[in-house]
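*Asks:* I need the structure of the sequence given here:
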Amino acid sequence: MTVLITGTSGFIGKELAIALHRERDIVCLSRGRAPFDDIPFVQGSFDRFEDLRGLDRYDISAVVHLAAVTGGCSEEDGLSVNVLGTRRLYRYLLDRGCRKLITASSIAAVGCLSPDFMPSELPIPDDHPCLAEDAYGFSKATVEELTRYFYRSHPDADFVNLRFGAVVDEQWTLPDSDTPATLPFVQLAHVYVSDILGALHSVLASPPKPGVRICNVVGPEASCRAPVTDALNAAFGERGSPCDLSYFRQPGHERKPIYSMEGMQREFGFEPQRRFT
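*Replies:* Got it, this is the predicted structure:
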């Protein structure tokens, strides 16, 4: 298959393009200059149909859609770029026969960028509903809903939405403090880029399975030095009393991820490998 990668001027996109180029036919789409001399590249934005026409000569069977406006974006940008732009991209690809569409969603889709966020359960499941009060998290959850809409009209398509944690490079280490000062559900859910690449490889290699799947992708443990119960209790104080932390009190679960990874394990046989130091 020919795999389209959007956002190849970004951190994850560059690494993925290098890794996939060794084993697959790929084409890169990015607003920046061509990041590689030997990999097919189209300069343009995924949210502009006239730019997408530059892909016409490629027979694209799968897409890894990484490009987006990121956390802290305005409501206008979140909806016009992330949501409507993805609609344009996926409409273009579906009309041309692409049937495997992998979207970089975010753990922010549940609402964890809002200071008052409390999950409905812990560990936070793959299908936790959107409680976002911020434009970025809402836009990511809305893109997931967009894939459900497209699946209803294209029931032979395979949509996979990967809710990435806070992605860090391989040199990142745990902070010295045991207590996340703010937004603990983000600060405790880092993931190394090597595990992001491993997850994407697993999804691309999986047999077609029409439908819509949403999977968390975080590290193999919570990114804190203290037990999760201590970190969350210290971050929230009395406000955290409604949270059921019993899972993290079980022997061997003291530093388990706060986002469940059951979906990636069940659907794609993937488990993150790189532990935090």
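
*Asks:* For the stretch 101-250 of the chain, just list every one of the helices.
*Replies:* 135-153, 184-187, 193-205, 228-236, 246-249 (DSSP state H, counting those that start in this stretch).

*Asks:* Let me know the average pLDDT across the second one.
*Replies:* I take that to be helix 184-187. In this model, helix 184-187 has an average pLDDT of 92.

*Asks:* now stretch 78-95, how far from the centre of its chain.
*Replies:* 16 Å (CA atoms, centre = their mean, to the nearest Å).

*Asks:* swap in stretch 150-167?
*Replies:* With CA atoms, centre = their mean as the basis, the mean position of stretch 150-167 lies at 11 Å from the chain mean.

*Asks:* now swap in stretch 188-202 and tell me
*Replies:* 9 Å.

*Asks:* What would it look like as CSV? C-alpha coordinates only.
*Replies:* Taking C-alpha atoms only, stretch 188-202 is exported to CSV below (Å, rounded to 0.1, in the frame of the first residue of the first chain):
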residue,chain,number,x,y,z
LEU,A,188,1.1,11.8,34.5
ALA,A,189,0.5,10.5,30.9
HIS,A,190,3.7,11.0,28.9
VAL,A,191,4.7,8.6,26.2
TYR,A,192,8.0,8.3,24.3
VAL,A,193,8.0,8.8,20.6
SER,A,194,9.4,5.3,20.1
ASP,A,195,6.2,3.9,21.5
ILE,A,196,4.1,6.2,19.4
LEU,A,197,5.9,4.8,16.3
GLY,A,198,5.5,1.3,17.6
ALA,A,199,1.7,1.8,18.0
LEU,A,200,1.4,3.3,14.5
HIS,A,201,3.4,0.4,13.0
SER,A,202,1.0,-2.1,14.8
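
*Asks:* What is the distance between the least confident helix or strand in the chain by mean pLDDT and the centre of its chain?
*Replies:* Lowest by mean pLDDT, DSSP states H and E among the helices and strands of the chain is helix 228-236, with a mean of 89. Here helix 228-236 is found 25 Å from its chain centre; the criterion is CA atoms, centre = their mean.

*Asks:* which other helices and strands contact that helix?
*Replies:* helix 184-187, helix 246-249 (3 or more CB pairs under 8 Å, 6 or more residues apart in numbering; DSSP states H and E). (Each C-beta comes from the backbone N, C-alpha and C, glycine too.)

*Asks:* Quick one: those helices as JSON lines, columns for mean neighbour count and distance to A108 too.
*Replies:* Formatted as JSON lines, the helices and strands packed on helix 228-236 follow (neighbours: other CB atoms under 10 Å; distance: least, CB to CB, whole Å):
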{"stretch": "helix 184-187", "mean neighbour count": "22", "distance to A108": "7"}
{"stretch": "helix 246-249", "mean neighbour count": "14", "distance to A108": "22"}
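
*Asks:* Relative to E144, which of those helices is closest?
*Replies:* Nearest of these to E144, taken as CB to CB: helix 184-187 at 17.9 Å.

*Asks:* Just the CA trace of that closest one, in CSV.
*Replies:* Extracted in CSV, the C-alpha atoms of helix 184-187 (Å, rounded to 0.1, in the frame of the first residue of the first chain):
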residue,chain,number,x,y,z
PRO,A,184,-2.3,15.9,36.5
PHE,A,185,-4.1,13.8,34.0
VAL,A,186,-1.7,15.3,31.3
GLN,A,187,1.4,15.4,33.5
